[in-house]
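Q: got a sequence here, can you build the structure:
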Amino acid sequence: MTVHPAAASRWAHVAERLPARLDELSGPATGTVELPLHLAWSGLRSFEVSDEKLLLGLYRIVLTNGLREDLTSYLNAELLVRHWPRLRIALGKPVRTCWEQRFPELVAAAAAA
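A: Purely as a prediction, here's the structure:
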């Protein structure tokens, strides 16, 4: 896939904040997650991880708006891979592309679904 240079520079901040490895994503696999105001400034801030709809909403917010520290604190690598086939649909193309280019295991999860 060829990315226009202007588009690449516009979304460079997305790639820069990604962890080097998925196993750096050590967020909770159970319980309730309360997002800080810099991520969830309007609407729902508390998410039950066992509720798939809430989990997908939580991950969409963090993937789209989170800093590197947010990604590693609120996302769980196993849950991300498991839910990636549905989650990737809710993400914008630049975010989805950055994550899939960095982590081939996400592409494999989507292909297996």
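
Q: Leu22 contacts Trp84, correct?
A: No - when contacts are counted by Cβ atoms under 8 Å, Leu22 is not listed as touching Trp84 (10.4 Å). All C-beta spots, glycine's among them, are computed from the backbone N, C-alpha and C.

Q: more neighbours: the two, which one.
A: For Leu22 and Trp84, the more surrounded residue by other Cβ atoms under 10 Å is Trp84, and the numbers stand at 24 against 18.

Q: and the contacts of whichever strand or helix holds the more buried one?
A: Trp84 belongs to helix 77-90 when assigned by DSSP states H and E. Outside helix 77-90, the residues that touch it by Cβ atoms under 8 Å, 6 or more residues apart in numbering are 22-27, 29, 49, 52, 55-56, 59-60, 63, 96, 99-100, 105-106, 109-110, 112-113.

Q: off-centre distance for it?
A: Using Cα atoms, centre = their mean, to the nearest Å, we find the averaged C-alpha position of helix 77-90 to lie 8 Å away from the chain's own average C-alpha position.

Q: just the buried positions in it, please.
A: For helix 77-90, the neighbour count (16 or more other Cβ atoms under 10 Å) marks 77, 79-81, 83-84, 87-88 as buried.

Q: packing partners for the helix or strand that that helix is followed by?
A: Moving toward the C-terminus from helix 77-90, the first helix or strand encountered (DSSP H and E) is helix 93-102. In terms of contacts (3 or more Cβ pairs under 8 Å, 6 or more residues apart in numbering; DSSP states H and E), helix 93-102 is packed against helix 12-16, helix 52-65, helix 77-90, helix 104-112.

Q: Gln101 versus Leu55, what's the distance?
A: With distances taken as Cβ to Cβ, to the nearest Å, Leu55 is found 24 Å from Gln101.

Q: for those two, work out which one has more neighbours and name it.
A: Neighbour comparison, Leu55 and Gln101: the larger count goes to Leu55, with 21 against 14 (by other Cβ under 10 Å).
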